[in-house]
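>>> generate coordinates for the sequence data below:
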Amino acid sequence: MAITATIAASPDLPDGSTVFYSANANAVDASFSNAHSVAGSATVIGRKVAISVAMPYLWKLVAAGEDMTVSMFVSANSSVAGVGHSLTASFSKTFATPGSGVTTPVAFSGAL
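Model prediction:
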């Protein structure tokens with residue numbers, strides 16, 4: 001999977017701030033439970049955060065087309081004018097699990 005997120009940063013999150021993320025994918029069917037995750041950080045630039053991450057996976061499923069869910073959680077802490085801020089956002093999409101060898105783009109957008 002090729003997961004991207006474009007996030008508008010709050011004025012409470014100045015340029016140069018670090019945003020932490022975790023991306024998770026899972027699929028559960030009658031016989032197997034599959035999950036994979038990646039985590040990292042990105043920097044606020046121009047009041048925006050751009051995240052791009054590849055998530056390779058190899059899963060066993062009973063039947064083609066079982067649903068999978070991809071989610072992303074982002075968080076940041078900042079201090080502006082002596083006031084501390086803790087910001088979080090989460091995104092999620094569910095779709096049919098793609099076939100083997102397919103790179104599936106998953107895009108999220110929102111605000112933090």
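
>>> give the contact list for the residue most central in space within the chain.
For the chain, the residue nearest the mean C-alpha position is residue 72 (2.8 Å; CA atoms, centre = their mean). Contact analysis of residue 72 by CB atoms under 8 Å, 6 or more residues apart in numbering lists 3, 5, 21, 22, 23, 24, 51, 90, 91, 92, 108. C-beta coordinates here come from the backbone N, C-alpha and C atoms, glycine included.

>>> tell me the confidence at the closest residue to residue 96 other than its chain neighbours?
Counting by CB to CB, 6 or more residues apart in numbering, residue 96 lies nearest to residue 65, which is 4.8 Å off, once chain neighbours are set aside. At residue 65, the model reports a pLDDT of 75.

>>> what is the subsequent helix or strand relative to the helix or strand harbouring residue 6?
Residue 6 belongs to strand 2-8 when assigned by DSSP states H and E. The first helix or strand that comes after strand 2-8 along the chain, using DSSP H and E, is strand 18-28.

>>> give me the next element, helix or strand, following that following strand.
Counting by DSSP H and E, the next helix or strand C-terminal to strand 18-28 is strand 33-43.

>>> for the following helix or strand past that next one, which helices and strands make contact with it?
Remark: after strand 33-43, the chain's next helix or strand is strand 48-54, criterion DSSP H and E. When contacts are defined as 3 or more CB pairs under 8 Å, 6 or more residues apart in numbering; DSSP states H and E, strand 48-54 sits against strand 2-8, strand 18-28, strand 33-43, strand 67-80.

>>> switch to 7 Å and redo it
On a contact count with 3 or more CB pairs under 7 Å, 6 or more residues apart in numbering; DSSP states H and E, strand 48-54 meets strand 2-8, strand 18-28, strand 33-43.
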